[in-house]
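> Build the 3D model from these lines:
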Amino acid sequence: MPSGGTAGVGMALRDAVGRLRAAGIATAGADAELLLAHVLGVTRLALHLDGARELDATAVARFESLLGRRAGHEPLQ
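Numbers count the residues shown, from 1 in each chain. Next up is the predicted model:
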């Protein structure tokens, strides 16, 4: 994600999927969607319906933290 602390939902998901795939996570797409939906308090469908939505710095930080944990092969709960 951009270093400015904000990103759109679509870009954040694309970056997250790449990061999780690189870490060997077989379910990278679904996992990225589930984590971002959790951070934003929305459904996975809502992520795709509002792909241009900007994430604030707090959401980006929370998402990055969860991605790091998942990339380390911590299971989703």
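> correct me, but residue 19 touches residue 66?
No: using CB atoms under 8 Å, residue 19 makes no contact with residue 66, being 11.3 Å away. In this view, the C-beta of every residue, glycine as well, is placed from N, C-alpha and C.
> List phi and psi for residue 26.
Residue 26 adopts backbone torsions of phi -70, psi -30, taken as degrees, to the nearest 10.
> Could you report the distance from it to residue 36?
Shown here: residue 26 relative to residue 36, a distance of 18 Å by CB to CB, to the nearest Å.
> which of the two has more neighbours?
residue 36 (22 against 9; other CB atoms under 10 Å).
> hang on, that one in a strand?
No: using DSSP: H, G, I helix; E, B strand; the rest coil, the assignment for residue 36 is helix, not a strand.
> List the residues that contact it.
Neighbouring residues of residue 36 by CB atoms under 8 Å, 6 or more residues apart in numbering: 9, 12-13, 16, 47, 63.
> repeat that with 6 Å
Neighbouring residues of residue 36 by CB atoms under 6 Å, 6 or more residues apart in numbering: residue 63.
> again with the one 3 residues further on
Neighbouring residues of residue 39 by CB under 6 Å, 6+ apart: 59, 62-63.
> Go again with 10 Å.
Neighbour list for residue 39: 12, 55, 58-67 [criterion: CB atoms under 10 Å, 6 or more residues apart in numbering].
> can you check residue 24 too?
Contacts of residue 24 (CB under 10 Å, 6+ apart): 71, 73.
> gap between it and residue 73?
Distance from residue 24 to residue 73, by CB to CB: 8 Å.
> Give the other helices and strands that the lowest-mean-pLDDT helix or strand in the chain contacts.
The weakest-scoring helix or strand in the chain, judged by mean pLDDT, DSSP states H and E, is strand 7-8 (a mean of 84). If you count contacts as 3 or more CB pairs under 10 Å, 6 or more residues apart in numbering; DSSP states H and E, strand 7-8 packs onto helix 9-22, strand 54-55, helix 57-71.
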